[in-house]
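Q: I would like to see how this sequence folds:
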Amino acid sequence: MDTDIEGKNQHPGLYAAGEVSMTGVHGANRLASNSLLEALVFAARAAASSVDLLRSYRGSVSPDPRMDDSGTLNSEEWVLVAHDRREIQQIMWDYVGIVRSNLRLERALRRITLVHDESRASTRRRR
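A: Next up, the predicted model:
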């Protein structure tokens with residue numbers, strides 16, 4: 001995601017730092033130590049900027065009508081959420097780490113898509 005030096009991007013109020021951001025500071029060929037430095041520096045800048053934004057905010061926030069929290073307190077469902085979270089973490093660790101290839105990325109995409117589709121199907125069945 002393209003960001004400025006404060007972590008701001010095209011989505012007002014959303015900040016990005018570290019691996020999800022593209023500041024252009026290190027170019028396309030970043031090393032892990034560079035991205036760590038970038039994460040620390042730009043995370044601090046994003047935090048300061050977001051504090052300034054919150055202090056200056058005078059409006060009210062209305063809930064997004066697309067957000068529906070029904071079923072979120074069902075303890076049986078939390079088992080599924082926890083499992084999916086661990087599965088996604090493992091997929092990312094195994095296939096989308098520092099050393100990656102098109103084959104690994106394609107496999108990760110297929111597996112993440114499967115977890116997503118299962119989650120969506122489960123949500124539809126609950127309603």
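Q: In space, not sequence, find me the middle residue of the chain.
A: Closest to where the C-alpha atoms of the chain average out (CA atoms, centre = their mean) is Val20, at 7.6 Å.
Q: how much space between that residue and Phe42?
A: 11 Å (CB to CB, to the nearest Å). No exception for glycine: its C-beta is placed from N, CA and C like everyone else's.
Q: hmm, back to that, look up the closest residue to the residue nearest to the centre of the chain, ignoring the ones flanking it.
A: Excluding its sequence neighbours, the residue lying closest to Val20 (CB to CB, 6 or more residues apart in numbering) is Met1, at 5.7 Å.
Q: burial count for that neighbour?
A: Around Met1 there are 12 other residues, counting by other CB atoms under 10 Å.
Q: right, and it touches Met22 too?
A: Yes. In this structure, Met1 is within contact of Met22 by CB atoms under 8 Å, at 6.2 Å.
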